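*Asks:* give me the fold of what follows.
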Amino acid sequence: MLIDVLTLFPEIIKTYISQGVLKKAVEDGLVKVRIHNLRDFSKDRYKTVDDYPYGGGSGMVMKPEPIFEAVDYIKSDGEERLVILLTPQGKVFNQKMARELSRQKALAFICGRYEAIDERVRTIVNEEISIGDYVLTGGELPALVIIDAVLRLLPGVLGNYDSLKEESFEWDILDYPHYTRPREFRGLKVPEVLLSGNHEAIRRWRRKEALRKTLERRPDLLEKAVLSEEDLILIKEIKEES
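*Replies:* Take a look at the predicted model:
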């Protein structure tokens, strides 16, 4: 996958992708990340990227010219790509969207700053995405959230594919509880079923606890989840227990 990031703060992106799983994905050639400083596409001697808003008002607005020029530049390679604008006005990002984006060959992210981006920039984007109903100082963190969520879905990025399948939101329910050594810590014990060696009992316990956690914390997820006959039995047990 090819990813282009258009930003005024390249170091934020560089620092994150040079760590951990994303660093290895880049080194293994599974993804190529190109970071473009929008100031490099400004035509004046001061590398201006913002200006006062027409009609007055507080804050500054990012100028359209550097962004248009940057998008033209990355598109000059002829590669089909999805251009994404990070904005609180966009669709709220979720795991389903991450899976859809992971099927794209190339993505480009426009990271805004200041009070706003000139409205005309919306004419050159394919998607507008938000990571939640709050406002950040720029689009770099949302871009990294999406990049991280998308890249870990690519084949070969994570070492254990089964681990990926069992994660929260992959099946519209939350993940089951996890434990490791020691067996007892400050009076808190690992559930006996996990020490039993009975794989079927462990599987059933994990599914039941995942459903229990979802019922308690995110019952809305169960409204769209595809539940098996066993799931319905487990949910009934959970409700009877509580």
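*Asks:* in the chain, which helix is the longest?
*Replies:* Taking DSSP state H as the criterion, the chain has its longest helix at helix 199-217.
*Asks:* so which elements touch that one?
*Replies:* Applying 3 or more CB pairs under 8 Å, 6 or more residues apart in numbering; DSSP states H and E, we find helix 199-217 packed against helix 219-222, helix 229-241. The way it works is simple: take the backbone N, C-alpha and C, and place the C-beta from them, glycine included.
*Asks:* how about it: buried residues?
*Replies:* Residues of helix 199-217 classed as buried: 202, 205-215 (neighbour count, 16 or more other CB atoms under 10 Å).
*Asks:* and those, which two are furthest apart?
*Replies:* Pairwise distances across these (CB to CB) peak at 20.3 Å, for the pair 202 and 215.
*Asks:* I'd assumed residue 87 was in contact with residue 128.
*Replies:* Yes. In terms of CB atoms under 8 Å, residue 128 counts as a neighbour of residue 87; the distance is 5.2 Å.
*Asks:* more neighbours: which of the two?
*Replies:* A side-by-side neighbour count of residue 128 and residue 87, using other CB atoms under 10 Å, places residue 87 first with 19 against 15.
*Asks:* ramachandran angles for that one?
*Replies:* phi -160, psi 140 (degrees, to the nearest 10).
*Asks:* pLDDT weak spots in this structure?
*Replies:* Low-confidence regions of the chain, defined by pLDDT under 70, span residues 160-170.
*Asks:* list the contacts for the residue nearest the centre of it?
*Replies:* Within the chain, one residue has its C-alpha closest to the average C-alpha position: by CA atoms, centre = their mean, that is residue 146, at 2.8 Å. With contact set as CB atoms under 8 Å, 6 or more residues apart in numbering, residue 146 has these partners: 84, 86, 93, 98, 101, 109, 129, 131.
*Asks:* the helices in this protein, which residues?
*Replies:* With DSSP H as the criterion, the chain has helices spanning 10-17, 20-27, 64-75, 95-102, 140-151, 161-165, 199-217, 219-222, 229-241.
*Asks:* perfect, I'm done here.
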